[in-house]
Structure formats: structure tokens, C-alpha cells
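In: Make a model of this:
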Amino acid sequence: MFEVAKLRTKEKAILVGVKLPSVNRFSVQESLQELALLTETAGGEVLDTVLQERQKLNPAFFVGKGKTDQIKNLSQRLGANIIIFDDDLTPAQVYNLEKNLDIKVIDRSWLILDIFAKRAKSKEAQVQVELAQLKYLLPRLTRGWTHLSRQWGGIGTKGPGETQLEMDKRRVNKKIQELEKSLLKIDKERSVQRKRREDIFKVTLVGYTNVGKSTLFNQLTSSSAFVEEKLFATLDSTTRLLKVTDNGKLKEGVKIVITDTIGFIRKLPHHLIASFKSTLDEVKLADLLLHVVDISHPDFLQHINKVNQVLSELGSLDKLTLFIYNKIDKLSGKYPFNLSPYSEQKDDELLVSAQNQIGISDLAERIAEFAKGEWAEAWLYLRDGDSELLPCVYKIGIVTESRFEKEGIRLKIRGKKENLQKIRKFSSGLKLKFLVF
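Out: Numbers count the residues shown, from 1 in each chain. Below is the predicted model of the structure:
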């Protein structure tokens, strides 16, 4: 990641959105409110918001030429130094807008990438974000895309710097290839870590950004993952053992790991999803998804839709899912009348307040019940001649009891049903008897 000079004062921004006939006004307004939160997360101050209704987008300025002149007058009057559009702009549109407005212009995708660049702490996250940035910039490395090479500073300039942006496309492609190789290496390391967890029940938290996933993760695992009331507080996936139930601990022999992941958001840049493949693989490999929803948000159903869209892209929409309606402490009056339009039954949802530790034990117990349904327990008898298979057995499940007998060893083992069935393939002489679990 490349450092740039930090401004001592907040950048002053004007936000711009366009409502087309195919989009309802409420959705556009919600998106602009979210853009305001993104701007604040990036360290900016929103001075005003401009919304124009159009039949179609202006290919030269995105908005109309008259509206462009209004934005220029507004920015001069308010002292703005950045204009942020709520949708992706073409290189030509950025060039035309900056030429007319004489002010820095960026779009939503670049703003999100900028936030990710500022928040990326681990080597993996930094590589993922830089790769997404370069893939975003590559098709924009034309004569018209000159605004990022100017010495604007501030929001939208965290990442590849002036020297890199002057490289030709061949050199940028080479850098992309290097980053992709780095990600492949990281992915292999992650695969080794995941292999160690093959026989452990895996739970992954998913949800819209800023719904309280990390707070819930900390409560369930007795951890101290970074929590902040801002968008995209979590970029790196974190995995810990589940440690909380109604009596404060799980039953002996049952291991459940929980992974906290990056939050989703509407209009999430496609390159970002592709670059964060290694992180998002935690979703694809999970045995159970906890879809966390901020039930106090007026647009929570739309948030569920957006998360489901990303899950669909990942091929994980049909996974076993438990809906967790968080922040019930912020609700005034009764709960929303229709909490479960996406869950098949009431057993697939739970009301909690991660902040106030309401419903956490019930949630942990529910997770344990899901895990129990996937797990089995069996007695396994190994003759002395099969003792070399012991390491394989220990990899497949959790041995909770062992008894040495006259001509061999008897083990009580727990694990996923499908994995325990594989033991029979090791040797025809092995005896496996399943128990009621």
C-alpha cells in the first residue's frame, strides 16, 4: 500500500446522485445517505447533497450540463474541495467534470476502495485492496483519466500513487500478476489452515456492514476483535472457537469455530469481491451461516436483499442459514411484524442484542444444536495390525475416550457423519459402530 500526505482538516464534500425512471426515490435517497456515511468514514465532511431526476444519464457529465454549473456554484459558495458521485463514472466523465468544476471528482467505487486501503492492516488485506485498485484503474489509464495524478491529496488518493499511475498498461498488468501470485500463496496458506479445521463445525458471520457482526463475534468467542461504529471496521476474517453456551462452555468433545468476515454493502465494486476471494472463501466453506441483520435500521429488508445478492454470486445462498436480528435494544415499541420473509421457519431466526448481551447464550445453544445435527459419535475398534491408521483417525474426528484391549484398541470418536463413514475405507478389518449422539 502506498502512503500519501494526510490533510490536517477534513475534506469538504458535495454528494451527487441521479434518479432514473427504473429506480424508486427512496432507494436513491438511502444510497445517498449511505454515501454520506462512507464519506465520513473516509474522513470527509458532507456539506450538501445534490439529486437530479433524469430519463437517462448524460454521457459527457453523468448529470446535465445545467446541473454541472449548479454544482460548481454550490461548491464555490460552500467551499467544497471534492465532489463524490454515487455511481461509477467513466474516465471521460471525470475528465469533463473536473475540467468544468476545477475540483477533485471521484465516484462511489473509488471511495470504497480508498476506505479499504486506509483500513487494511494485514499483508493479505493490503494485497487484496491494492489488486482491486489496480484492476479498477487499468481500464481508466487513458489521456482522460488524469485527476488522480494531480496533487489533490486527501480522500480517494490512498493507494497507488502518481508514479504508478504514469506507468503504461503493460507495467500495471505485470504488477497485477505479481499481486495475484501473492494472493495465490496466501490462499494456499489459508487452505492449509482450513484443512486443519475440516472436521470442526464451521460457522461464518455474514451481513451488511455496520450491523454488529464483530461485537457478536466477540461475545460468542470471548475475543476482542476490533469494533467501531463505522462502515467496514472489519476487513480481515478472524476465526475463533465458540466459547459461550447457557452454562458458559461447550460440551466436552464438541468443537465449533466461528469466523467474522467483511461486511457487504450496496454497489460493492466487483473487483473488490474478486480480490477478496480468499477471505470470502470462509463463506463458501462454512457449515452454517449466521446472517446478522440490524433490525433497528429502517431499510433492513433491503440490506438482507443486498447480502443475499452477494451470497448468490458466491454460490452460497442455499447454505444452512440462521438469521440473527441484532440491536433489538434500539427498537422503540414492538418488533417489526414480519421478521422472517427469508427464513423458512421461526427456528431459523433469533432476536439478540450483542451490545447488551441479550440472547447470546440462546444463540450459542442454537449453534450447538445445528452442529449436533451434523455430527455423530461412534465406537471404533482397531486391531494391533491397524495401529498405523491411528494418525488418520485422529485427523478425521475427535477421540473422547480410548480403551486398550487384548488384541487392539477401542476408541470413542466424534466428528461429522460423512467423515466418520470414511474410516471404513481405511481397512476392511475396522469395526465402526455409531451411537445415539
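
In: Next one: the residue nearest to Glu40 when sequence neighbours are not counted from Ser191, what distance?
Out: Distances taken as Cβ to Cβ, 6 or more residues apart in numbering put Val46 closest to Glu40, at 7.0 Å, once the chain neighbours are dropped. (Glycine included, C-beta is placed from N, CA and C.) Separation of Val46 from Ser191 (Cβ to Cβ, to the nearest Å) stands at 43 Å.

In: what residue ranges in the chain score low on pLDDT?
Out: For the chain, the stretches with pLDDT under 70 are 1-9, 141-168, 193-199, 223-237, 244-254, 274-279, 333-347, 375, 427-430, 434-437.

In: Pull up the gap between the residue most central in space within it and Leu389, please.
Out: Against the mean C-alpha coordinate of the chain, by Cα atoms, centre = their mean, the closest residue is Ile262 at 2.3 Å. Distance, Ile262 to Leu389, by Cβ to Cβ: 40 Å.

In: Could you do Ile413 as well?
Out: For Ile413, the distance to Leu389 equals 12 Å [Cβ to Cβ].

In: intersection of neighbour lists for those two?
Out: Common contacts of Ile413 and Leu389, defined by Cβ atoms under 8 Å, 6 or more residues apart in numbering, are absent altogether.

In: Mind checking which of the two has more residues around it?
Out: Comparing Ile413 with Leu389 by neighbour count (other Cβ atoms under 10 Å), the higher total belongs to Ile413, at 25 against 17.

In: Outline the domain layout of this structure.
Out: 11-164, 197-373, 375-435 (automatic domain parsing).

In: Let's have these in CSV, adding distance to Ile186.
Out: Formatted as CSV, the domains of the chain follow (distance: least, Cβ to Cβ, whole Å):
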stretch, distance to Ile186
domain 11-164, 5
domain 197-373, 6
domain 375-435, 24
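
In: which one of these lies closest to Arg171?
Out: Each of the domains of the chain has some distance to Arg171 by Cβ to Cβ; the shortest is domain 11-164, at 8.5 Å.

In: mind checking how far that closest one is from the chain centre?
Out: Between the centre of domain 11-164 and the centre of its host chain there is 22 Å, according to Cα atoms, centre = their mean, to the nearest Å.

In: does the residue nearest to Glu40 sit in a helix or strand, and which one?
Out: Per DSSP states H and E: Val46 is located in strand 44-53.

In: Which residue ranges of the stretch 251-400 of the chain form strands?
Out: Counting by DSSP state E, counting those that start in this stretch, the stretch 251-400 of the chain has these strands, from start to end: 256-260, 288-294, 321-326, 349-351, 375-383, 398-405.

In: Name every strand pairing with the fifth one and say which way it goes.
Out: Translated: strand 375-383. Using DSSP bridges, the strands paired with strand 375-383 are strand 408-416 (antiparallel), strand 431-435 (antiparallel).

In: and what of the first one?
Out: In the sheet containing strand 256-260, its partner strands are strand 201-207 (parallel), strand 238-241 (antiparallel), by DSSP bridges.

In: Now that strand: buried residues?
Out: For strand 256-260, a neighbour-count test (16 or more other Cβ atoms under 10 Å) marks 256-260 as buried.

In: Tell me the one among the residues you listed nearest to Gly17.
Out: Proximity of those to Gly17 (Cβ to Cβ) peaks at Asp260, which lies at 31.4 Å.

In: so what's the closest one bridging to?
Out: Assigned bridge partners for Asp260, using DSSP bridges, are Leu205, Thr238.

In: Is it correct that Val206 is in contact with Lys284?
Out: No: taking contacts as Cβ atoms under 8 Å, Val206 lies outside contact range of Lys284: 11.0 Å.

In: These two - which one has more neighbours?
Out: Of the pair Val206 and Lys284, Val206 is the one with more neighbours under other Cβ under 10 Å, namely 29 against 13.

In: which stretches of the stretch 51-200 of the chain form strands?
Out: 82-85, 104-107.

In: Make CSV out of these and add distance to Glu124 and mean neighbour count.
Out: Formatted as CSV, the strands of the stretch 51-200 of the chain follow (distance: least, Cβ to Cβ, whole Å; neighbours: other Cβ atoms under 10 Å):
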stretch, distance to Glu124, mean neighbour count
strand 82-85, 28, 26
strand 104-107, 26, 24
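
In: mind putting those strands in a markdown table, distance to Glu374 included?
Out: Shown next, in a markdown table, are these (distance: least, Cβ to Cβ, whole Å):
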| stretch | distance to Glu374 |
| --- | --- |
| strand 82-85 | 46 |
| strand 104-107 | 44 |
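
In: Out of these, which gets nearest to Gln421?
Out: Short answer: strand 104-107, nearest of the strands of the stretch 51-200 of the chain by Cβ to Cβ, at 52.2 Å.

In: ok, now which ones touch the spatially closest residue to Lys67 that is not a sequence neighbour?
Out: Spatial nearest neighbour of Lys67, chain neighbours left out: Gln52 (5.0 Å); criterion: Cβ to Cβ, 6+ apart. Gln52 sits next to 16-19, 63-64, 67 when contact means Cβ under 8 Å, 6+ apart.

In: tell me how far the helix or strand where Gln219 lies is from the chain's mean position?
Out: Gln219 belongs to helix 213-221 when assigned by DSSP H and E. Centroid separation for helix 213-221 versus its chain: 15 Å, with Cα atoms, centre = their mean.

In: Report the inter-axis angle for it versus strand 256-260.
Out: Between helix 213-221 and strand 256-260, the angle formed by their directions is 160 degrees, by axes from the mean of the first three to the mean of the last three Cα atoms, to 10 degrees.

In: packing partners for helix 213-221?
Out: strand 201-207, strand 238-241, strand 256-260, strand 288-294, helix 360-374 (3 or more Cβ pairs under 8 Å, 6 or more residues apart in numbering; DSSP states H and E).
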